[in-house]
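[1] pasting a predicted model and its sequence here:
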Amino acid sequence: MSELFRIPSLVILLVSRLPSGHLLAAAFGVIFLVDVYWFSTQVASVVLFPMGIGFFTGTVLGGFLTDWTVRRNRRNGPVAILQTAQFTFAIIAYLGTQIDWVGMPETKNTDLT
């Protein structure tokens, strides 16, 4: 195990994963939608289903893409792939969370009596 931490690109990959929040979103997304937006558990699960499909597809395609870049650039290929993925995620997360897209109905139940 200590041999792995002597590979500089792996250390960069591991450190760059620390501030990434998409795994947290996947783990607590249903709870967040139920507690904050008052979705039913079933609806919240269906809403997050495309994210699971995206995780699976991204993992498979990312593996192929990383293998291809390692063959082309052994030293910087995996780091470049991860940084591209991180920046792409940041842009998509910004668009999905910071812009008020019209069309989402208000689901919060304000009548709690």
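    Received the coordinates, thanks. As the structure is a computational prediction, the values presented were derived from the model and not from experiment.
[2] hey, let's count contacts and neighbours off CA atoms from now on
    Fine.
[3] could you count how many residues lie near Phe55?
    Using other C-alpha atoms under 10 Å, Phe55 has 16 neighbouring residues.
[4] assign a three-state SS to it, would you?
    At Phe55 the chain is in helix, as set by DSSP: H, G, I helix; E, B strand; the rest coil.
[5] just the pLDDT at it, thanks.
    On pLDDT, Phe55 comes in at 85.
[6] distance check, it against Tyr37.
    Phe55 sits 23 Å away from Tyr37, going by C-alpha to C-alpha, to the nearest Å.
[7] ok, now Val79?
    37 Å.
[8] neighbour count: the two, which is higher?
    The residue with more neighbours, out of Val79 and Tyr37, is Val79; 20 against 14, by other C-alpha under 10 Å.
[9] check which helix or strand covers the more buried one.
    Here Val79, judged by DSSP states H and E, is contained in helix 77-97.
[10] state the mean pLDDT of that helix.
    On average, helix 77-97 scores 84.
[11] tell me which strands and helices that helix is in contact with?
    helix 8-17, helix 41-72 (3 or more C-alpha pairs under 8 Å, 6 or more residues apart in numbering; DSSP states H and E).
[12] with just CA atoms, put it into CSV.
    In CSV, the C-alpha atoms belonging to helix 77-97 read as follows (Å, rounded to 0.1, in the frame of the first residue of the first chain):
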residue,chain,number,x,y,z
GLY,A,77,-3.3,11.0,-18.7
PRO,A,78,-5.2,9.9,-15.6
VAL,A,79,-4.8,13.3,-13.9
ALA,A,80,-6.1,15.1,-17.0
ILE,A,81,-9.1,12.8,-17.2
LEU,A,82,-10.0,13.4,-13.5
GLN,A,83,-9.6,17.1,-13.7
THR,A,84,-11.8,17.2,-16.8
ALA,A,85,-14.4,15.2,-15.0
GLN,A,86,-14.2,17.5,-11.9
PHE,A,87,-14.6,20.6,-14.0
THR,A,88,-17.5,19.1,-16.0
PHE,A,89,-19.2,18.1,-12.7
ALA,A,90,-18.7,21.6,-11.3
ILE,A,91,-20.3,23.2,-14.4
ILE,A,92,-23.3,20.8,-14.3
ALA,A,93,-23.7,21.2,-10.5
TYR,A,94,-23.7,25.0,-10.9
LEU,A,95,-26.4,24.8,-13.7
GLY,A,96,-28.4,22.4,-11.7
THR,A,97,-28.3,24.1,-8.3
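[13] thanks a lot, catch you later.
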